[in-house]
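> starting from these lines, generate the structure:
(one chain, ligands or ions: 1)
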Amino acid sequence: MPTYEYKCLECDEVFEEFQKITDPPITRCKRCSGQVKRLISGGSGLLFKGTGFYITDYRSDSYKKEASRDKPPTETAKKSDDKKTTEKKEKSEAKTN
Ligand SMILES: [Zn+2]
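Below you'll find the predicted structure:
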């Protein structure tokens, strides 16, 4: 449930209200019943959740990239290893000759 911050335009009173998104916004000050304006609060749980989701998404994407980037070097290493084995075989054959 997000926290909404309101500021009274009459007495400058600032107060927070836990509200459902579907709840109608508060329009009257609790202290003087004057007009209030809803402030965009940075400390709302909703905003934090959104950021966390973004980070998770980014991480999994970079992990995928990292994983696919790991494959080619492994293949190259295997190939060069095969080459080495062949070279060794050829050398040992040459020695025997
Ligand atoms: Zn007020």
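
> going by C-alpha atoms from here, please, whenever you check contacts or count neighbours.
Fine.

> what's the separation between residue 22 and the ion?
Distance of residue 22 to the ion, computed by Cα to the ion, to the nearest Å: 24 Å.

> sec struct for that residue, please.
coil (DSSP: H, G, I helix; E, B strand; the rest coil).

> need the pLDDT of it.
Note for residue 22: predicted pLDDT of 91.

> burial of it, as a residue count?
When neighbours are defined as other Cα atoms under 10 Å, residue 22 has 6 of them.

> contact residues of the protein facing the ion?
The chain comes close to the ion at residues 8, 10, 11, 29, 32, 34, as judged by Cα under 5 Å from the ion.

> next, format those residues as TSV and append secondary structure, pLDDT and neighbour count.
Below are these laid out as TSV (DSSP: H, G, I helix; E, B strand; the rest coil; pLDDT from 0 to 100; neighbours: other Cα atoms under 10 Å):
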residue	secondary structure	pLDDT	neighbour count
8	strand	96	21
10	coil	97	13
11	coil	97	14
29	coil	95	21
32	coil	97	11
34	coil	96	16
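
> nearest to residue 40, of those residues?
Of all the residues of the chain next to the ion, residue 8 has the smallest distance to residue 40: 14.0 Å, by Cα to Cα.
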